[in-house]
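Colleague: Task: produce atomic coordinates for the following.
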Amino acid sequence: MTRPDEVLPAVRRMLEPRSIAVVGASVKAGSLGESMMAELQRGGFEGSIYPVNPGYDEVAGLRCYPSIGEVPEPVDLVILGVANQRVEQALRDAAASGARSAVTFSSLYEAPSDGPDLRTRLRAIALKHGMAMCGGNGMGFMNQASRVRATGFLTPEVIRRGPVTFLSHSGSAFSALAFSDRGLGFNLLVSSGQEVVSTMADYMAFALEQDETRVLALLLETVRDPEGFVAMLARAAERDVAVLALKVGRTAASRAMVTAHSGALAGEHGAYEALFDAHGVHEMRSLDELADTIELFCSPRRVRRGDGIASVHDSGGERAMFVDLAGDLGVPFASVSDATIARIADTLDPGMESSNPLDAWGTGIDGDRIFREAFAAFADDPAVSASVFCVDMTLQGEPYDEGYLLLAREASDGTAQPFCVLSNLASAVTQHEIRMLRDAGVPVLEGTENGLRALGHLLADAEFRARPPLDAAVPVDHAVRARWRDRLSTGAPLSELDGLALLAEYGLETAAARPASNPQSAVEAATAIGYPVVLKTAAPGIKHKSDVDGVRGGLEDEDTVRTAYDDVSGRLGGEVTVAAMVPPGIEMALGVVTDPTFGPLVLVGAGGVLVEVLHDRALALPPLDTAGARRLLDRLAVRPILDGVRGADRADVDALANAIVRLSVLASDLGELIAALDVNPVIVGPKGCVAVDALVELPRD
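Modeller: Here you go, the predicted model:
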């Protein structure tokens with residue numbers, strides 16, 4: 001793929017054009033051609049506009065040209081408002097005229113044939129002439145700075161300008177956020193569609209050039225330029241620009257829909273989780289969550305201190321609901337000091353409990369003073385990362401310089417920390433009244449769950465920014481790396497013993513194991529290793545030995561080894577592995593998988609069959625340091641078990657983290673030569689962890 005820095009001049013010319021030709025311009029009411037012209041003029045574009053349509057002499061008060069070849073200058077942007085069957089010739093004509101970029105809304109569907117499809121042919125034309133191109137199957141773009149509305153669909157009369165760039169593979173989502181009544185401030189909105197030429201990475205590169213950009217909001221179906229996309233995520237982190245991503249296609253059913261919708265290949269979602277964690281990207285689950293999080297991050301205030309939120313409520317029942325949902329979502333409350341609790345207690349009505357979260361509504365008498373003093377106390381407490389005023393923003397009524405609206409503005413003005421209002425029921429929000437808060441820079445979050453998720457992202461943002469630089473991984477001897485690269489490059493299958501040897505050379509502790517092919521060699525292997533032992537089938541092609549009843553454990557002497565060998569070999573063949581019995585512990589699974597988009601990933605999960613039954617796994621981009629390995633473990637549902645439950649000893653998490661780090665070095669060194677490496681189980685005991693099985697799968701030709 002072409003890197004964004006190389007194509008940025010063409011994309012910049014497209015998004016900041018000085019001249020635009022509109023192919024298919026029309027005066028027919030309700031037509032696409034009329035809408036394209038109307039949107040350009042309504043947006044206030046100040047450059048030259050050239051309608052192109054052989055059927056008219058004039059459109060929208062401007063001279064209309066019969067063909068783009070007769071337009072008096074090569075335009076920076078041509079908007080192609082033509083049907084699928086005409087779009088290829090229209091792009092050829094535009095390229096021949098010297099047009100530097102294009103937008104198409106066409107679906108680009110045509111009946112299947114033996115030759116290149118329409119999308120491929122359009123891409124070839126554009127690349128040959130160095131053209132940027134937005135679409136197809138999209139709704140175009142709106143650049144607030146250059147006042148370009150390159151779209152053929154209705155847009156709001158006024159779109160508030162602000163720090164948000166919204167890039168979407170969904171045209172409907174593009175429109176929904178543009179029409180949102182929240183007053184979100186955008187500098188750029190792009191419906192990139194099928195990305196025939198210009199990709200989301202290209203638009204991100206442009207947005208990150210703009211000093212105004214503080215939030216990048218993305219609705220992703222897939223990533224067509226992985227290298228460029230990852231580079232832009234790194235650039236966003238360097239610039240301290242928050243990236244909020246709503247990635248669709250998380251489930252098998254939705255992945256199929258994504259492919260059908262845009263031809264995008266949506267891979268395993270765990271790869272995106274790994275990518276997002278590595279670059280501090282905040283993953284959304286819905287447009288409502290995205291809107292709340294955009295609004296919260298639009299405020300220049302970011303978390304700089306503390307360990308959680310403080311919230312003030314006017315309802316005991318809603319406070320309990322808020323606590324329940326915060327617990328479900330993992331949003332922590334600040335551990336405020338006893339002095340803060342005492343300070344608030346002095347202000348409350350008799351019988352009211354001083355706490356965080358706080359129900360401040362007692363009799364209602366002198367309520368404004370109680371709220372003010374509670375907010376001031378929380379603002380002064382260093383444990384508080386952000387303060388939240390949780391009230392249902394129903395109709396307040398005039399005058400607007402008193403009541404909750406005034407309290408919220410005063411509380412926000414009284415702290416330099418993040419502050420927001422959260423209304424528990426989105427449909428009860430009185431939009432015209434809370435506009436006063438938004439105009440004053442006070443974020444208003446609409447709905448308890450979405451609001452809490454947004455607050456969780458705000459706290460996670462601070463955690464990401466506080467991460468230390470990646471520690472250098474423990475190096476592996478160059479000769480080891482070279483030897484295994486040569487071995488894997490041959491394409492010859494690796495046995496379980498080969499896999500264990502690979503792990504051992506990369507510094508993971510493995511169970512002692514030896515091959516055997518008859519009863520006597522099995523006994524000799526067991527004697528050399530030391531009893532008790534495990535005997536396992538080594539028959540080629542068997543991935544999960546337990547599934548075929550191919551494992552016999554707890555073998556204490558020669559007789560039990562011979563009996564086990566006869567049983568296993570009689571059903572599955574004479575090749576077996578004899579391995580040491582590892583002391584009991586917690587079973588975990590480690591691995592390396594290769595994602596088709598982002599390459600090698602490190603996997604950690606619940607071990608044994610649980611990794612498949614519970615699907616409790618986490619993935620990360622290699623390499624990892626110890627802190628990264630621990631973060632990976634902390635994402636697992638089984639993580640608390642490692643700390644010991646019901647009297648069990650604590651597992652050696654340090655040893656497990658070290659094994660993950662060393663596996664990540666292996667993934668970095670050899671990952672592109674491996675389709676998958678399954679290390680399951682890894683037994684984690686009170687002192688150390690041991691890999692007892694390893695399956696290496698090589699890429700298929």
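
Colleague: As a check, name the ranges of all helices in the stretch 251-400 of the chain.
Modeller: 252-262, 269-279, 287-298, 316-329, 338-345, 367-380 (DSSP state H, counting those that start in this stretch).

Colleague: How about the stretch 101-250 of the chain?
Modeller: Here the stretch 101-250 of the chain has its helices, by DSSP H, counting those that start in this stretch, at 118-128, 171-179, 200-209, 226-239.

Colleague: Just name the most buried of the helices of the stretch 251-400 of the chain.
Modeller: Ranked by average neighbour count under the criterion mean count of other C-beta atoms under 10 Å, the helices of the stretch 251-400 of the chain are headed by helix 287-298 at a mean of 24. No exception for glycine: its C-beta is placed from N, CA and C like everyone else's.

Colleague: That helix to helix 171-179, inter-axis angle?
Modeller: 50 degrees (axes from the mean of the first three to the mean of the last three C-alpha atoms, to 10 degrees).

Colleague: For helix 287-298, what is the distance to the chain centroid?
Modeller: Offset of helix 287-298 from its chain centre (C-alpha atoms, centre = their mean, to the nearest Å): 15 Å.

Colleague: before we move on, what about stretch 240-252?
Modeller: Worked out by C-alpha atoms, centre = their mean, stretch 240-252 lies 4 Å from the chain centre.

Colleague: separation between the closest residue to A326 other than its chain neighbours and R42?
Modeller: Spatial nearest neighbour of A326, excluding adjacent residues (C-beta to C-beta, 6 or more residues apart in numbering): L452 at 5.6 Å. From L452 across to R42, the span is 38 Å (C-beta to C-beta, to the nearest Å).

Colleague: Between these two, tell me which one has more neighbours.
Modeller: Under the criterion of other C-beta atoms under 10 Å, the comparison of L452 against R42 puts L452 first, with 26 against 14.

Colleague: which residues does S175 contact?
Modeller: 139, 153, 155 (C-beta atoms under 8 Å, 6 or more residues apart in numbering).

Colleague: With respect to V548, which of those is nearest?
Modeller: Closest approach to V548 among the contacts of S175 (C-beta to C-beta): M139, at 54.0 Å.

Colleague: number of nearby residues for the closest one?
Modeller: For M139, the neighbour count with other C-beta under 10 Å is 27.

Colleague: tell me the pLDDT at it?
Modeller: pLDDT, M139: 95.

Colleague: surely it meets T151?
Modeller: Yes. Using C-beta atoms under 8 Å, M139 is in contact with T151, at 5.4 Å.

Colleague: in the stretch 1-150 of the chain, what spans have low per-residue confidence?
Modeller: For the stretch 1-150 of the chain, the stretches flagged by pLDDT under 70 are 1-7.

Colleague: what about the strands in it?
Modeller: 19-23, 48-52, 58-59, 62-63, 77-80, 101-104, 132-134, 140-143, 148-150 (DSSP state E, counting those that start in this stretch).

Colleague: and of those, who's closest to D288?
Modeller: D288 lies closest to strand 140-143 among the strands of the stretch 1-150 of the chain, at 21.9 Å (C-beta to C-beta).

Colleague: in its sheet, what does that closest one sit against?
Modeller: strand 148-150 (antiparallel), strand 186-191 (antiparallel) (DSSP bridges).

Colleague: Deepest in the core, which of the ones you listed is it.
Modeller: Counting by mean count of other C-beta under 10 Å, the most buried of those turns out to be strand 148-150, with a mean of 28.

Colleague: looking at the protein, which residue lies furthest from center?
Modeller: D559 (55.4 Å; C-alpha atoms, centre = their mean).

Colleague: what about that one, which helix or strand?
Modeller: Per DSSP states H and E, D559 falls inside helix 558-572.
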